[in-house]
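Engineer: return atomic coordinates for the entry below.
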Amino acid sequence: MRITAFLDIPGQDNLTPLARLEKYAFSENIFNRQIIARGLLDVFRDFSNNEEDFLTVMEIVVRLSEDAEPTVRTELMEQIPPIAIFLQESRPNFPTAFSDYLMPIVVRYLTDPNNQVRKASQEALLILIEQDLIAQNDIENKVCPILLDLSAPDSDDEYKVEAVNIICKMASMLSKTTVEHMLLPRFCELCGDGKLFQVRKVCAASFGDICNAVGQEATEKFLIPKFFELCSDSVWGMRKACAECFMAVSYTTSPEVRRSKLSPLFINLISDPCRWVRQAAFQSLGPFISTFANPSSAGLYIREDGTLSIRPSAQDVIFNSCQAGNNANITVASLNIVASSSEQPIEIKLESSTKGTSAEANPLICVEIPRTDLLKENLNSCASPEGDLTRLSQSDNTTACVIEGIKDCHVSDCQKVNSRFQSAEDVFNNFLYWRPPLPDISQDLELLQSKTEKHEEGCSVSKALCSNCVASSEIKKVLESLQDHMNDPDVQAQVQVLSAALRAAQFESISDYEAKHTEESSGKLQNELSAFETSHPTVEKSTLSSSSFQDDVSNSSTTSMLKSTELKEQYNGTFEFLKKEQRNNSPSEDDKSKLQDIIPQPLLDQYLSMTDPARAQTVDTEIAKHCAYSLPGVALTLGRQNWHCLKDTYETLAADVQWKVRRTLAFSIHELAVILGDQLTAADLVPIFNGFLKDLDEVRIGVLKHLYDFLKLLHADKRREYLFQLQEFVVTDNSSNWRFRYELAEQLILILELYNPNDVYDYLRHIALTLCSDKVSEVRWISFKLVVAILQKFYANNANALGLNFINELVAKFRHCSRWIGRQAFAFICQAIVEEECMPVDHFVEHLLPSLLSLASDPVPNVRVLLAKALRQTLLEKDYFKSVGSPHLEAVEETVLALQSDRDQDVSFFATVKPKLTNMDTTSLEKEN
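Structural biologist: Alright, predicted model coming up:
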């Protein structure tokens, strides 16, 4: 019944419905006015057929909006969104009704003196914007101006806080242009409001939404400076709010800003004096690290449904790059380039090999390629006769430094070789044909390029050293300022964090210095090699001459081989000396195992420290749980090549005394297996997975829910080992935990495809039959579906003998069961077998149909009810039983007729009802009968 149904009563006061509406809308009785305001939607529907009446109702609504009673205004405002939806549907008849009449009411109520009315108008405004019911012109000309006035510096404090809240909430619903041009300047101004910390707190809490609304460019230009101010605010609530939204802010920035600006800022929040700020920062540390993820480096990407998928590998490439004069080939046998390691030098080793009668042995040539996109260019410019490029791999620090020292001389030599071995096609082209020959200035360009590269490398090293020194000095100043407050445990925790950051900065400075020192040593080696080549011109001639290459080889092959061998021995001796010296000065293996270049190292160090028991005392008792929760995201960011950084932390979390931590890992171990791949999963995750299988039920349920997802990632031989352990899931700590067994049955239905029929028969069949006898009905019904799936597995793989044995076992266990529940289950299983068509019909009618029809004489009505459903709704609808010549049709029809005349009303009903009515309510059908 409509709220305003009293308006339709004929003869009341001898007034028309419209006049009666106006009478009650302006009655002195407040209740009457509330009823009219509450039923406005029905009023609009009643009077929408006549335009004149409709406009009259609109005028009544406008007058009603000026009611002095706040409850009436509140009731009116709550009806605005449904009325707006109705007007949207009736737009052809009333295109501007909402904008002309109702929108001014919403805007005016934003400044209403009553708090309840303002709250109602704010909620209505957000609903209207979210449903896209307000025109863009109204937003820019009516909504935004009033919000800017309410949030002005001289505005009332209460109105200002509410206006800021609305601005932050509606920013994600408006267009980027509107937010950037109209709301962004005021938001930046409010972030620095020194009068009310509530305003700054609202801005800090919604900072991520604003960044997402305006985009990367505006965020880095306008919002990041304000974010820095909020992160250093004197009120700890502001800093805590910034820590909570840090991931959203980082997501909208570029990788450079994220690494250079936001990472140090986050380290400051982690070391904040306030415990609540540190707690929020550590909770956001994992999500913040995940913003550094790069699908190209991790080899994985996230689908639209949120699941991880392996990106097809397009990185194993084979290049046939260079052809020399005597069929010298350079082939790349294996090229594994990860985009995340593009900043690291890549080592190319060209080890000499002799073929045929050639007596020339070229020395080892090492070339450093700083970027992967220059691979082909450098390969084409660095070919040696009879050379064999065996493999590209990431070089360690020692090899990279030695390579850098001897790079220039060998590159220039290789380029001279290629210039002498150019083919006729390379010499003649359209450019050279139509123009006079150009002077050869390649050697001058090479010399200039080599000088420029050395200068740039020197500048980069000096800049890195300077930045590390500045960071160390700033950390030392903060440590000195905290010495007077060492009695406070919070300050002690902060000092520990800053000390770790200081050691990391010093370690980076030492590494940069060692690299520079090794580069200088390599430069000396280069000078020695150049002097040696000058004193032995025969080597150069025999290597670089192209016009008389064959004659020189035949005449001076012995001399060339001896002197080249001496050069190689001298180089090898110097190389081994520098390698030993670098090994002595290199950091320990434990420190190296935690190093990577995907994310800033201090962030990773802080994340790894979340398993420290001291953190639970000084930061958060559940910090280990937050670490476990975000570990898959961190692992995805680092990629499987940096799993060694997280391995110890994961093992520590897996052995944590809190079952909530282990439960979190158990729920995500299948996702981590996708990230790591089959090899690392078998080596590092399988032992932990085995431990979870023997843990508490609260932990085991996490493994069980994704058991199929984990097992399918393992190799077949490793997967087969778990057949012996699946039986352990049937036993639970608490027998009343039936949902555990229900989940096991659901997973077994999926797991069937992972094993062959023999394994299913030997191991999974026993578990299925055990679950079919469970005390809980829900477990039994899902287990019956598992039994049907097992039977379908046998016949789909042509294991008819196993299927027949299983059928005989089902008949013995269920058809001849002493309990009526077992006989009822047999009827249900037979019905499901026919519905799924999981076995040939001739096998069904031979081995199952006689036992099924014999249930017609069962003394329990519940068994006969399920038999009636199976025969009437399933069997008789199959083509085999519909055909007139079917030999078993007569027996089925006789049984159905017997059930139709059964003394039990339910049995006769289901034996009579047609299949198209099976989905109808049984009680309603019984009432009809």
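
Engineer: surely residue 620 and residue 280 touch.
Structural biologist: No - Residue 620 is beyond contact range of residue 280, at 9.2 Å (criterion: C-beta atoms under 8 Å). Every C-beta, even on glycine, is put in place using the N, C-alpha and C of the backbone.

Engineer: these two: who's more crowded?
Structural biologist: Between residue 620 and residue 280, counted using other C-beta atoms under 10 Å, the more crowded position is residue 280 (25 against 19).

Engineer: element containing the more buried one?
Structural biologist: helix 275-290 (DSSP states H and E).

Engineer: show me what that helix is packed against.
Structural biologist: helix 236-244, helix 246-251, helix 263-270, helix 489-535, helix 601-608, helix 613-618, helix 623-638 (3 or more C-beta pairs under 8 Å, 6 or more residues apart in numbering; DSSP states H and E).

Engineer: pick out the shakiest of those helices, pLDDT-wise.
Structural biologist: Sorting those by mean pLDDT places helix 489-535 lowest, at a mean of 57.

Engineer: tell me the angle the helix holding residue 280 makes with helix 601-608.
Structural biologist: Helix 275-290 runs at 110 degrees relative to helix 601-608, counting by axes from the mean of the first three to the mean of the last three C-alpha atoms, to 10 degrees.

Engineer: helix 275-290 vs helix 263-270, what angle?
Structural biologist: 150 degrees.

Engineer: list of residues touching helix 275-290?
Structural biologist: Residues from elsewhere that reach helix 275-290, judged by C-beta atoms under 8 Å, 6 or more residues apart in numbering: 236, 239-240, 243-244, 246-247, 250, 262, 266, 269-272, 490, 493-494, 599, 603-604, 606-607, 610, 615, 618-620, 623, 626-627, 629-631, 633-634, 636-637.

Engineer: what subset of those residues is buried?
Structural biologist: The neighbour-count test (16 or more other C-beta atoms under 10 Å) applied to those identifies 239-240, 243-244, 246-247, 250, 262, 266, 269-272, 493-494, 599, 603-604, 606-607, 610, 615, 618-620, 623, 626-627, 629-631, 633-634, 636-637 as buried.

Engineer: list the contacts for the residue lying closest to residue 293 once chain neighbours are set aside?
Structural biologist: Nearest residue to residue 293 in three dimensions, chain neighbours excluded: residue 637, at 4.1 Å (C-beta to C-beta, 6 or more residues apart in numbering). Residue 637 is in contact with 289, 290, 292, 293, 294, 298, 598, 599, counting by C-beta under 8 Å, 6+ apart.

Engineer: what ranges do the strands span in this structure?
Structural biologist: Applying DSSP state E to the chain gives strands spanning 300-302, 308-310, 320-323, 329-331, 346-351, 365-369, 388-394.

Engineer: separation between residue 679 and residue 801?
Structural biologist: Separation of residue 679 from residue 801 (C-beta to C-beta, to the nearest Å): 38 Å.

Engineer: residue 167 too?
Structural biologist: If you go by C-beta to C-beta, the gap between residue 167 and residue 801 works out to 73 Å.

Engineer: okay, the two: which has more neighbours?
Structural biologist: Using other C-beta under 10 Å, the more surrounded residue of residue 167 and residue 801 is residue 167, with 26 against 11.

Engineer: thought the more buried one was touching residue 150?
Structural biologist: No - using C-beta under 8 Å, residue 167 is not in contact with residue 150, being 9.3 Å away.
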